[in-house]
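Visitor: Kindly return the folded structure for what I paste below:
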Amino acid sequence: MGRYSYSNRRTVEDCKTITTMFLNEHNYFDGDVRRGGMNWSRNGEETGSIGYEVSTIGSNEYIRFQYTQTDRNTDEKTKLDYKARLTWTPCNFGGRRWWFVCPLVIDGRTCNRRVSSLHLASGKYFGCR
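Guide: This is a model prediction of the structure:
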């Protein structure tokens, strides 16, 4: 039995999300530049799509997001193209665990939290919780 929702606040389950686990499972962290895309849907209807580029060459490690966002009130389209840094930590039994560095700017300061997933809520940019 589920509990009653008493808040209008969005949850991460309602957001478009990209994770380092997904990128790792699809071999994006192989020491090269790889491009891809992702689509989201709800009830069989596409709700969004993005293109991205992942670079894990040397010390220039990043994910670049490219997508168009449409304002639901005005139908105005905005093209977005920005990067979020990637970093990694060593795993106990070898290999690397990859992380996003949150690119959101809040009150004039970049968040810079190390996170495994970035979410696109009601704003224009992907960021951490």
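Visitor: Can you verify residue 23 is assigned to a helix?
Guide: Yes: assignment of residue 23 by DSSP: H, G, I helix; E, B strand; the rest coil places it within a helix.
Visitor: pretty sure residue 101 is touching residue 86, no?
Guide: Yes: with contact defined as CB atoms under 8 Å, residue 101 reaches residue 86; the gap is 7.1 Å. C-betas here are computed from N, CA, C, even on glycine.
Visitor: need the strands for the protein, in chain order.
Guide: Taking DSSP state E as the test, the strands found in the chain are 16-19, 33-42, 45-57, 60-70, 77-90, 96-101, 105-106, 109-110, 114-115, 117-120.
Visitor: can you list those strands in a markdown table and add mean neighbour count and distance to residue 127?
Guide: Shown next, in a markdown table, are the strands of the chain (neighbours: other CB atoms under 10 Å; distance: least, CB to CB, whole Å):
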| stretch | mean neighbour count | distance to residue 127 |
| --- | --- | --- |
| strand 16-19 | 17 | 11 |
| strand 33-42 | 12 | 16 |
| strand 45-57 | 15 | 14 |
| strand 60-70 | 17 | 11 |
| strand 77-90 | 13 | 9 |
| strand 96-101 | 18 | 9 |
| strand 105-106 | 10 | 9 |
| strand 109-110 | 10 | 10 |
| strand 114-115 | 16 | 9 |
| strand 117-120 | 20 | 6 |
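Visitor: Redo the ones you listed as TSV? Include distance to residue 26 and mean pLDDT.
Guide: TSV is the format used below for these (distance: least, CB to CB, whole Å; pLDDT from 0 to 100):
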stretch	distance to residue 26	mean pLDDT
strand 16-19	11	90
strand 33-42	7	87
strand 45-57	10	88
strand 60-70	13	91
strand 77-90	15	94
strand 96-101	12	96
strand 105-106	29	87
strand 109-110	28	93
strand 114-115	19	97
strand 117-120	15	92
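Visitor: Appreciated, that's everything.
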